[in-house]
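**Q** this is the structure alone, sequence omitted:
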């Protein structure tokens, strides 16, 4: 078993969205409400919170299951303690990225965003189709999204992330 | 396309901004700071021109609403973001605070069901419609100005009812579409979408109506794939709400883009004509 990091919960609480993790009293309504948990038992919100509070930093940040949250907010709306678990998951993933464990799907998405400013490139073919339907042209990116990704330090973080699974 | 056709009838003018880019939603789970600045830049692009933002996608709605709320409540941070962007040559001026609203919410709150009903030309009274609210249209409730009860929302049901159609209740009504994990784990995403498709193919539903293009990717674009994966047949047409309303307002099928829907809408249109 990997070593425990007692400060892990404080690190999560310092990330935007992770502030309320220590309020959890383990009632489990998050897990009961989770549409992912219903299908894939690997993903268990209550268990993830316990793992964070117990300081299982390496196991949590390196695990594939932290990327399975669908962002549906069912847990957040029902939590009696205001933990906002959807945002806690975002805090966990933000920290995982800083520690070098980005999921390859996101690496790919960021790459597309840097180049076209959106997740889907609207090329001439699409614009001709749009024109035929009477829809206005979608202009090419002015490079703003790329500048922002460079400016906030995300580009550098991605660069220093090892490619997982390779 | 359907939203533009419907907007015209209610004298809502859309002004397309060339400098609008990704809302930032995909980045929130990776790097919150980048998510915030990406959203802020889009908000500022509209703010500088004195415009509110009308969104057609529920994920864009929640992302931009969250960012906008954060900027309004943290004025110093907003000023700082504007200054940092300017140093990068991205120059936007702050102006009055703006509103972000989904097109369906504009219809519901600003036009109102009473006014819409007056313009209905063809009542779709023989249709059983399954409303799919999706997640971000309603949640997280604490970012929205007039949140609905996320466990028992009414707005889409009411908007469906004014077309004359029957808005049905079903067990899986509030279930997520699964799109949030599509890029991470396709099988898992399809398994979630399947739950809803299966129930609706087994009751008397004629069509599912939704208001988020990403939910539509799951239920319409990928329906065939899900059928193949689970060896089941759903054959469930999926309409974007403005498409359903457009039909009731008497807008022609072509202007509503009904031929672009992946699951054929032909049988549905035949039923309406009866």
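**A** Structure's in. What do you need? Because the structure is a prediction, the values reported are computed rather than measured.
**Q** isn't residue B:36 right up against residue B:81?
**A** Yes: counting by CB atoms under 8 Å, residue B:36 does reach residue B:81; the two are 7.4 Å apart. Quick note: C-beta positions are derived from backbone N, CA and C, even for glycine.
**Q** any idea how chain A splits into domains?
**A** A:8-98, A:104-160 (automatic domain parsing).
**Q** deepest-packed of these, please.
**A** Comparing those on average neighbours per residue, with mean count of other CB atoms under 10 Å in any protein chain shown, the densest one is domain A:8-98 at a mean of 20.
**Q** picking that back up, save the domains of chain A as a markdown table, and put in distance to chain B and mean pLDDT too.
**A** Rendered in a markdown table, the data for the domains of chain A read as follows (distance: least, CB to the nearest CB, whole Å; pLDDT from 0 to 100):
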| stretch | distance to chain B | mean pLDDT |
| --- | --- | --- |
| domain A:8-98 | 3 | 98 |
| domain A:104-160 | 4 | 95 |
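**Q** other SSEs contacting the helix or strand hosting residue A:109?
**A** Using DSSP states H and E, residue A:109 falls within helix A:104-116. With contacts defined as 3 or more CB pairs under 8 Å, 6 or more residues apart in numbering or on different chains; DSSP states H and E, the packing partners of helix A:104-116 are helix A:144-151, helix A:154-160.
**Q** state the distance from the residue lying farthest from the centre of chain B to chain A.
**A** When distances to the mean C-alpha position of chain B are computed (CA atoms, centre = their mean), the maximum falls on residue B:87, with 34.6 Å. Residue B:87 sits 8 Å away from chain A when distances are taken as CB to the nearest CB, to the nearest Å.
**Q** again, but for residue B:136
**A** The gap separating residue B:136 from chain A is 8 Å, by CB to the nearest CB.
**Q** that residue is in contact with residue B:55, isn't it?
**A** No: with contact defined as CB under 8 Å, residue B:136 does not count as touching residue B:55 (10.0 Å).
**Q** more crowded one of the two?
**A** Here residue B:136 and residue B:55 are set side by side on neighbour count (other CB atoms under 10 Å in any protein chain shown), and the busier one is residue B:136, at 28 against 24.
**Q** secondary structure class for that one?
**A** Three-state assignment for residue B:136 (DSSP: H, G, I helix; E, B strand; the rest coil): coil.
**Q** could you find the closest non-adjacent residue to residue 138?
**A** No chain in the question, so chain A it is. Leaving aside its sequence neighbours, residue A:138 sits nearest to residue A:122 (CB to CB, 6 or more residues apart in numbering or on different chains; 4.1 Å).
**Q** looking at chain B here, not the other one
**A** Once its chain neighbours are removed from consideration, residue B:138 has its nearest residue in residue B:150; the separation is 4.6 Å (CB to CB, 6+ apart).
**Q** I'd assumed residue B:141 was in contact with the one you found.
**A** Yes: A contact is recorded between residue B:150 and residue B:141 when judged using CB under 8 Å, the distance being 5.7 Å.
**Q** so what sits against both of these two?
**A** Overlap between the neighbourhoods of residue B:150 and residue B:141 consists of residue A:77, taking contacts as CB atoms under 8 Å, 6 or more residues apart in numbering or on different chains.
**Q** and the helices in chain A?
**A** In chain A, helices defined by DSSP state H lie at A:8-14, A:29-33, A:45-53, A:57-62, A:74-78, A:85-98, A:104-116, A:124-132, A:144-151, A:154-160, listed in chain order.
**Q** can I get the ones you listed in CSV including distance to residue B:112?
**A** Formatted as CSV, those follow (distance: least, CB to CB, whole Å):
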stretch, distance to residue B:112
helix A:8-14, 44
helix A:29-33, 33
helix A:45-53, 39
helix A:57-62, 48
helix A:74-78, 27
helix A:85-98, 32
helix A:104-116, 38
helix A:124-132, 31
helix A:144-151, 37
helix A:154-160, 42
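**Q** go through these and name the closest to residue B:116.
**A** Of all those, the one in closest proximity to residue B:116, counting by CB to CB, is helix A:124-132 (27.2 Å).
**Q** can you name the residues in contact with the closest one?
**A** The contact list for helix A:124-132 (CB under 8 Å, 6+ apart) reads A:122, A:136, A:137, A:138.
**Q** may I have the phi/psi pair for the first one?
**A** Put plainly, it is residue A:122. Backbone dihedrals for residue A:122, given as degrees, to the nearest 10, come out at phi -90, psi 110.
**Q** that one and residue A:141 touch, don't they?
**A** No: the pair residue A:122 / residue A:141 is not scored as a contact, 9.8 Å apart, by CB under 8 Å.
**Q** mutual contacts of the two, please.
**A** Taking CB under 8 Å, 6+ apart as the contact criterion, the common neighbours of residue A:122 and residue A:141 are residue A:116.
**Q** now do the helices in the stretch 101-250 of chain B.
**A** Assignment of helices within the stretch 101-250 of chain B using DSSP state H, counting those that start in this stretch yields the ranges B:103-105, B:113-118, B:155-161, B:186-202, B:213-216, B:223-230, B:241-248.
**Q** dump these into JSON lines; add mean neighbour count as well.
**A** Formatted as JSON lines, these follow (neighbours: other CB atoms under 10 Å in any protein chain shown):
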{"stretch": "helix B:103-105", "mean neighbour count": "23"}
{"stretch": "helix B:113-118", "mean neighbour count": "13"}
{"stretch": "helix B:155-161", "mean neighbour count": "20"}
{"stretch": "helix B:186-202", "mean neighbour count": "20"}
{"stretch": "helix B:213-216", "mean neighbour count": "22"}
{"stretch": "helix B:223-230", "mean neighbour count": "16"}
{"stretch": "helix B:241-248", "mean neighbour count": "25"}
